[in-house]
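S.K.: Give me a model of this one.
(one chain, ligands or ions: 2)
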Amino acid sequence: MMKDAAPKTIYLEDYTPFGYVVESVHLTFHLAPTATRVVSRIAFAPNPDATDGTFLLHGEDLTLIRARIDGEEITPDLTEDGLRCAVPDTPFIWEAEVEISPQTNTALEGLYMSNGMYCTQCEAEGFRKITYYPDRPDVMSIFTVRIEGEEKVKLSNGNPVGSGAGWAEWHDPWPKPAYLFALVAGDLVNHPDRFTTMSGKDVDLNIWVRPGDEDKCAFGMEALKKSMTWDEEVYGREYDLNIFNIVAVDDFNMGAMENKGLNVFNSSCVLASPETSTDSNFERIEAIIAHEYFHNWTGNRITCRDWFQLCLKEGLTVFRDSQFTADMRSEPVKRISDVIDLRARQFPEDQGPLSHPVRPESFQEINNFYTATIYEKGAEVIGMLKTLVGDDAYSRALDLYFDRHDGQACTIEDWLAVFEDATGRDLAQFKLWYSQSGTPRVAVSEDWTDGVYTLTFKQHTPPTPGQDVKDPKVIPIAVGLLNPNGDEVVPTRVLEMTQAEQSFAFDGLASKPVPSILRGFSAPIVVDREVSREERAFLLAHDTDAFNRWEANRNLARDCLVAMIRDGAGPDNAWLDGLERVIRDDSLDPAFRALMLSLPTQSEMAQVLFDLFTVPDPDAIWQASEDLRGHMAVAWQGFLPDLRATVAVDAPYAPDADQAGKRSLGSALLALQTRLDGGAAAQAQYGAADNMTLQLSALSQLISAGKGDAAVKAFEDQWHHDRLVMDKWFGLQVGMAKPDVAVDVAQRLVQHPAFDMGNPNRFRAVMGGFAMNHAGFHRKDGEGYAFLADWLIALDDRNPQTTARMCSVFQTWKRYDTNRQGLIRAQLERIKAKPKLSRDTDEMVSRILG
Ligand code: PHE
Ligand code: ZN
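M.R.: Ligands and ions are numbered 1, 2, ... in the order given. Model prediction:
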């Protein structure tokens with residue numbers, strides 16, 4: 001729907017069940033690039049639980065060829081959103097034939113073509129672009145699919161039931177909503193394997209790719225088998241079909257999709273090889289394969305009643321994949337990385353114009369709600385629930401959830417009820433985490449009187465769009481106490497805050513302790529507490545909680561940068577001495593030490609300054625970050641090369657946590673060393689690299705040292721044939737460019753013959769990389785904003801979903817000076833004025849403008 005029609009808002013409170021149940025669905029596809037015919041035969045019956053008997057089938061961009069009810073030709077009313085007609089009040093058979101054009105479907109939603117291959121994306125509301133159907137998740141049915149076409153491989157959901165020359169048939173015995181439907185057809189090759197489930201059933205596993213990519217499937221396959229085992233062991237969940245297929249697709253709007261038995265992946269989230277993928281790529285691929293696989297139970301077997309309940313499947317599945325990664329790799333490193341990510345993506349969302357509850361109450365375009373809040377904050381909320389009820393109760397509640405709701409389309413109320421029933425706890429107040437948006441801020445004060453130590457917390461959630469006043473929430477605050485010698489005197493204890501202001505007392509202590517607050521980041525909040533540098537340094541040295549040790553360091557780094565930016569101070573040498581001890585402590589995990597060495601991002605510093613009522617100046621932030629890194633390099637020059645040598649990996653490349661941790665510390669150290677040697681070490685590493693992790697970290701240092709030209713060229717010569725590697729090449733150049741030339745670099749890259757705005761990965765590599773170049777994007781004259789707006793306007797007709805998501809780079813605009821705000825506003829208004837702006841982009845830009 002285009003904006004000429006008034007945008008329509010959908011409300012949670014308006015939910016009503018559909019008037020009909022769907023007993024079965026038979027689909028036949030006659031594939032042809034611009035004229036695919038889809039024949040549907042659907043058994044409907046009146047829904048005894050419904051009050052409204054309107055027969056509305058969703059449909060978009062369909063050409064109706066014919067429609068029949070119980071064999072009789074009918075002429076339905078066609079509207080913009082679908083079709084309506086009179087139907088019998090007894091069970092009936094609906095038949096329709098429609099024509100669609102996958103080849104010209106550039107939105108990548110519904111049935112489309114990518115590199116000559118047919119594929120589908122139906123979540124959230126893409127099935128309506130395939131045929132007329134009640135395209136809502138609470139309508140579940142059993143699908144049988146016949147695919148006719150000359151393609152070598154023809155796949156759909158469920159189990160294969162037959163195939164012959166030019167056809168294949170699939171039957172999925174598990175009732176599912178239409179958003180989990182999938183079809184893939186093309187000249188694909190597979191990487192096969194098998195898995196035996198805990199009850200002894202054999203499952204065929206396949207990863208399907210374009211010929212040439214076969215050698216990039218092994219890692220994903222191992223990740224899949226690990227995920228299957230883990231879900232059996234930890235959640236007692238077994239796989240439920242004879243076959244599990246994964247397909248890699250080059251043009252995909254998101255990361256991957258959990259279609260029943262036929263997961264479709266953005267090729268960047270499944271294809272991996274040491275030569276072409278970095279350690280972070282490997283870790284991310286393992287996590288996404290797990291995520292999509294885990295959806296088979298949390299999402300597919302138990303699905304969402306409506307899209308307002310999206311966090312029911314996404315928050316839970318992200319929580320499950322984080323647990324999985326923590327088990328496969330390092331728990332503290334995973335936790336710290338997740339918090340870095342939450343603060344970088346979810347906090348700005350929750351503290352700006354796009355703030356919305358974990359369970360939203362209204363939307364215009366559901367595609368705009370696949371957000372960090374639904375996913376990552378949704379997972380944090382589950383983590384808090386688990387902390388509050390304890391591990392055993394969590395397991396019991398989950399067992400009850402699977403028992404009670406298997407085969408159903410559920411709500412957050414159903415989810416919380418299993419916890420209430422399993423524990424006897426009243427979760428009414430906890431539920432506010434689902435309905436109230438915004439990041440709570442908790443102020444902490446302490447008192448030490450007569451041997452009693454008291455912590456007092458005050459919570460406050462700032463107003464967010466549509467929610468001026470907030471009620472106090474339940475906040476689990478994990479706290480430990482250390483004595484002045486650095487020994488832990490009170491081990492981690494979870495304080496359950498339920499009031500606006502609340503005190504917790506500790507007695508029996510010999511001396512005033514040093515508190516370690518919000519251990520493990522036990523709640524997604526901001527802690528406001530005046531802490532001396534000495535106390536932070538003490539925690540950096542002694543805290544037994546790895547997260548808070550990292551956090552103490554992060555706060556010291558922030559304070560140091562603030563003093564440099566705002567007060568013109570020099571770097572904090574006392575902090576750097578403490579940090580030096582940590583990074584040289586070889587009893588600590590190199591991955592953890594690498595995290596300690598990474599500085600707050602420039603965007604994070606902009607928010608820190610804004611919170612201190614200082615207007616952030618992107619150039620000053622960039623300069624201070626540079627100065628601090630330069631200072632670290634000089635201060636540590638005596639040991640940098642040796643320390644880097646201690647983490648060099650001799651063994652053949654493996655993407656495991658151990659080697660990856662060493663390489664990530666090595667690359668953080670290389671970044672410092674490059675400031676001393678002008679790129680000599682980076683050049684040597686580039687020349688010797690036999691894996692993408694080392695090659696790319698060397699390249700990025702060469703670029704940042706201004707010595708990258710030859711390597712950039714060599715890299716392109718070496719990798720021009722590999723799309724995924726070239727995405728890195730595009731992203732790195734614009735991301736690492738000096739701020740004053742970032743716009744020019746971006747402009748040059750979009751002229752490159754390999755720039756293709758129709759490919760979401762390539763578009764995001766350049767535009768996302770550019771927006772991450774904080775000072776470059778926020779160039780004073782507004783050229784960065786104008787450049788990005790030009791491209792958003794250019795992409796909107798083709799691919800509204802990717803355009804709308806990219807608009808969120810403007811969400812933090814109110815942090816900056818009035819001049820920059822004016823420049824950004826002008827660009828947002830220019831986008832909004834584009835003729836036929838998509839509903840997706842229109843909603844995003846309107847909300848950002850506020
Ligand atoms: N449901 C997918 C996932 O999280 C994400 C997705 C949403 C993909 C919408 C495509 C479209 O796992
Ligand atoms: Zn998901």
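
S.K.: Tell me who's in contact with the nearest residue to residue 76 once chain neighbours are set aside.
M.R.: Sequence neighbours aside, residue 85 is the residue nearest to residue 76 in space, at 3.8 Å (criterion: Cβ to Cβ, 6 or more residues apart in numbering). C-beta coordinates here come from the backbone N, C-alpha and C atoms, glycine included. The contact partners of residue 85, by Cβ atoms under 8 Å, 6 or more residues apart in numbering, come to 55, 67, 69, 74-77.

S.K.: ok, now residue 395?
M.R.: Residue 395 neighbours (Cβ under 8 Å, 6+ apart): none.

S.K.: For residue 124, list the residues it contacts.
M.R.: Contacts of residue 124 (Cβ under 8 Å, 6+ apart): 179, 307, 366-367.

S.K.: Just to be sure, it is in a strand?
M.R.: No - counting by DSSP: H, G, I helix; E, B strand; the rest coil, residue 124 is not found in a strand; it is coil.

S.K.: Which phi and psi values does it adopt?
M.R.: Per-residue torsions, residue 124: phi -90, psi -40 (degrees, to the nearest 10).

S.K.: Near the nearest residue to it once chain neighbours are set aside, how many residues? Count them for me, please.
M.R.: Spatially, and ignoring its direct neighbours in sequence, residue 124 is nearest to residue 366 (4.6 Å; Cβ to Cβ, 6+ apart). Residues near residue 366, counting by other Cβ atoms under 10 Å, number 17.

S.K.: residues contacting residue 366?
M.R.: 10, 124-125, 307, 310.

S.K.: average pLDDT across stretch 532-542?
M.R.: Mean per-residue pLDDT for stretch 532-542: 97.

S.K.: Take the contacts of residue 124 and lay them out in a markdown table including pLDDT, secondary structure and distance to residue 238.
M.R.: Formatted as a markdown table, the contacts of residue 124 follow (pLDDT from 0 to 100; DSSP: H, G, I helix; E, B strand; the rest coil; distance: Cβ to Cβ, whole Å):
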| residue | pLDDT | secondary structure | distance to residue 238 |
| --- | --- | --- | --- |
| 179 | 99 | helix | 23 |
| 307 | 98 | helix | 28 |
| 366 | 97 | helix | 31 |
| 367 | 97 | helix | 32 |
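
S.K.: For those, which PyMOL command selects only the ones that are buried?
M.R.: To isolate the buried ones among the contacts of residue 124 in PyMOL, judged by 16 or more other Cβ atoms under 10 Å, type:
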select buried, resi 179+307+366+367
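
S.K.: would you list the contacts of residue 124 in JSON lines and tack on distance to ligand 1?
M.R.: As requested, these are exported to JSON lines (distance: Cβ to the nearest ligand atom, whole Å):
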{"residue": "179", "distance to ligand 1": "8"}
{"residue": "307", "distance to ligand 1": "10"}
{"residue": "366", "distance to ligand 1": "9"}
{"residue": "367", "distance to ligand 1": "7"}
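
S.K.: which one of the contacts of residue 366 is nearest ligand 2?
M.R.: Among the contacts of residue 366, residue 310 lies closest to ligand 2 (Cβ to the ion), at 9.1 Å.

S.K.: Understood, closing this out.
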